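Colleague: sequence unknown, structure follows:
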């Protein structure tokens, strides 16, 4: 190995300086001070909450600091990226110990026993030995063997992890962690990918201890919904907050609907106001995030009157959109829009025929795409988890009555 001087060790790496807030620069490089600010900015929201065990926090903070040293050695980004997933393994093991209260229940051929533990090494050794000898298994989790994958499966079953799209992310995390622990080739990761790994793992760990991330990618905080007005006229259409109602005129607002939705709500298609109203009346999901009809349709004068009398008392609320359950009707090779299972009881009798799917998904569009593709491709599972679409099929080819019975069984 070539000897290096102090100045050589603290010389900024040109490869890092080419990464800018506007993308990869091919014409020049950033100043070191600006590059450090950029790197810090990418991981500013990755703090772990106070409930996370100190051992996990220490390991996590160590890698976050190493990430900044990528300013001087580009290879640090790859090390941080690959090692970050082992921090999640540590966090899951800490959560397991917290859940078990340092004593796990085992079962074998109908017999049960309690096995005291001091740390996760005790769990790992016991479960790996038991698996080889086909002996004791973790009660209610017979497949648990102490591995990283079994920890994720355990956390899923206990409800510590959620989200259908997140299951795909978890599959990728397991592969990256295993490839990093048993490398067969040299890989290179950019500072952007390393920062995403830091932020994603921080979100997952914080969620394990009950804290969601505002604006997060995997475990976001509930979204705020506000009262808004959809208006349509001869000159066009618009969607805006109730504070904008005084700026509208008949040319743009001859007819209006009042809805409650997330800010900057987007509908799946360019429907006119009547079509949107009819879809709302059918309880169909036509936006990615939960949206509800409050009033309408009516003309501009009626809308203003309703808002003066009621609108300013319609409060904002918050909604969680992960792991929702949708019903989708298929009939004569047609597919209806998804319906949230909570609203399915009010479906008109003329809309109850056909065959029904029950899908757990984060977005109604994911559920609808899965049902559509399952007609064409056998790789899309009929029941259980679909690893392609990021949804879980809870039932299919059901009558409306069977679907309602299944809902009742899930929510007695």
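Modeller: It's in. Note that the coordinates shown come from a computational prediction; the quantities given were computed from them, not determined experimentally.

Colleague: please make it C-alpha for all contacts and neighbour counts, starting now.
Modeller: OK.

Colleague: C-terminal to the biggest strand by length in the chain, what's the next element?
Modeller: Once the chain is assigned using DSSP state E, the strand that runs over the most residues is strand 223-233. The first helix or strand that comes after strand 223-233 along the chain, using DSSP states H and E, is strand 236-241.

Colleague: counting contacts, what elements does the helix or strand following that next one pack onto?
Modeller: As assigned by DSSP H and E, the chain's next helix or strand after strand 236-241 is strand 255-262. The contact analysis (3 or more CA pairs under 8 Å, 6 or more residues apart in numbering; DSSP states H and E) places strand 255-262 against strand 223-233, helix 273-281, strand 292-298, helix 300-309.

Colleague: ranking those by burial, who's on top?
Modeller: Mean neighbour count (mean count of other CA atoms under 10 Å) peaks for strand 223-233 among the helices and strands packed on strand 255-262, with a mean of 21.

Colleague: tell me what that one is packed against?
Modeller: Using 3+ CA pairs under 8 Å, 6+ apart, strand 223-233 sits against strand 236-241, strand 255-262, helix 273-281, strand 317-319.

Colleague: give me the sheet partners of it and which way each runs.
Modeller: strand 236-241 (antiparallel), strand 255-262 (antiparallel), strand 317-319 (antiparallel) (DSSP bridges).

Colleague: got the angle between it and strand 292-298?
Modeller: Strand 223-233 and strand 292-298 are oriented at 20 degrees to each other (axes from the mean of the first three to the mean of the last three CA atoms, to 10 degrees).

Colleague: ok, residues contacting strand 223-233?
Modeller: 237-242, 245, 250-263, 272-273, 311, 314-320 (CA atoms under 8 Å, 6 or more residues apart in numbering).

Colleague: ok now it, how far from the chain's centre?
Modeller: The chain centroid and the centroid of strand 223-233 are separated by 25 Å, computed with CA atoms, centre = their mean, to the nearest Å.

Colleague: that strand vs helix 273-281, what angle?
Modeller: Using the same axes, to 10 degrees: strand 223-233 against helix 273-281 is 140 degrees.

Colleague: strand 223-233 to helix 300-309, inter-axis angle?
Modeller: 150 degrees.

Colleague: before we move on, back to that, and the strands paired with strand 223-233: which comes nearest residue 169?
Modeller: When the strands paired with strand 223-233 are compared by CA to CA, strand 317-319 sits nearest residue 169, at 22.7 Å.

Colleague: show me how far that closest one is from its chain's centre.
Modeller: Mean-position distance between strand 317-319 and its chain equals 17 Å (CA atoms, centre = their mean).

Colleague: who touches that strand?
Modeller: Here strand 317-319 has contacts from 222, 223, 224, 225, 226, 290, using CA under 8 Å, 6+ apart.

Colleague: what's the answer for stretch 272-279, then?
Modeller: Outside stretch 272-279, the residues touching it (CA under 8 Å, 6+ apart) are 230, 231, 232, 255, 256, 257, 285, 286, 293, 296, 297.

Colleague: how about 10 Å then?
Modeller: Stretch 272-279 is contacted from outside by 230-233, 237, 255-257, 267, 269-271, 280-286, 293, 295-297, 337, using CA atoms under 10 Å, 6 or more residues apart in numbering.
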